[in-house]
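Trainee: sequence-free structure coming up:
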């Protein structure tokens, strides 16, 4: 027993949770390798896939986590480059960045993260400009969200818009605003 759960997230059809000993456990659908167990087989019992994990995020069919050293890891669907690279869907945890990542969030087919320096970065579907790059172009690697600035302390992302909470308490957004969400 690795102790009680200290954090959990739900993806499209899968769940990730961190136990007290900082181990990462996954359960649910695994059609794109989003559980990170290197099988592609759905699981109805949880399996440990990583250690030293401090934060998790889950999208439709992809998963992200941060390790204690600030490195960013991902697995699962990469069809929209939401894992920040051109390539196949990794079915086991794959290091995406070496360090300095402090927070992560996922939309259905997007990923965003906050670096320790307050900059926001993302990749994946950007059809509504939700990645904050100032365009609706879909990146093939992680790009800085320059239109929503720096000094971020927290982030949020949906399928079509994103938000950044800044140190001064202001909230900046990017993406679709057809229902006034920005």
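Mentor: Thanks, I have the structure now. From a predicted model like this one, the values you see are computed outputs, not experimental measurements. Residues are numbered from 1 along each chain as shown.
Trainee: how about the secondary structure of residue 147?
Mentor: helix (DSSP: H, G, I helix; E, B strand; the rest coil).
Trainee: report how many residues lie close to it.
Mentor: 15 (other Cβ atoms under 10 Å). In short, each C-beta sits where N, CA and C put it, glycine included.
Trainee: and the gap between it and residue 28?
Mentor: 34 Å (Cβ to Cβ, to the nearest Å).
Trainee: same check on residue 7?
Mentor: 16 Å.
Trainee: give me the number of residues near residue 49?
Mentor: 21.
Trainee: show me the contacts for it.
Mentor: 24, 25, 26, 35, 36, 37, 75, 92, 93 (Cβ atoms under 8 Å, 6 or more residues apart in numbering).
Trainee: what about the nearest residue to the fourth one once chain neighbours are set aside, neighbour count?
Mentor: Meaning residue 35. When the adjacent residues along the chain are set aside, residue 35 lies closest to residue 26, with 4.0 Å between them (Cβ to Cβ, 6 or more residues apart in numbering). Residues near residue 26, counting by other Cβ under 10 Å, number 27.
Trainee: ok, residue 96 next?
Mentor: 22.
Trainee: that one in helix, strand or coil?
Mentor: Residue 96 - assigned by three-state DSSP - is strand.
Trainee: quick one: it and residue 73 touch, right?
Mentor: Yes: taking contacts as Cβ atoms under 8 Å, residue 96 lies within contact range of residue 73: 6.2 Å.
Trainee: hey, what's in contact with both of these two?
Mentor: Common neighbours of residue 96 and residue 73 (Cβ under 8 Å, 6+ apart) are residue 64.
Trainee: show me what the mean pLDDT comes to for the strand ranked longest in the chain.
Mentor: Counting by DSSP state E, the longest strand found in the chain is strand 43-50. Strand 43-50 shows a mean pLDDT of 97 in the predicted model.
Trainee: quick one: list the elements packing against the helix or strand that that strand is followed by.
Mentor: Tracing the chain past strand 43-50, the next element assigned as helix or strand by DSSP states H and E is strand 53-58. Contacts defined by 3 or more Cβ pairs under 8 Å, 6 or more residues apart in numbering; DSSP states H and E place strand 53-58 against strand 5-10, strand 14-19, strand 62-67, strand 101-106.
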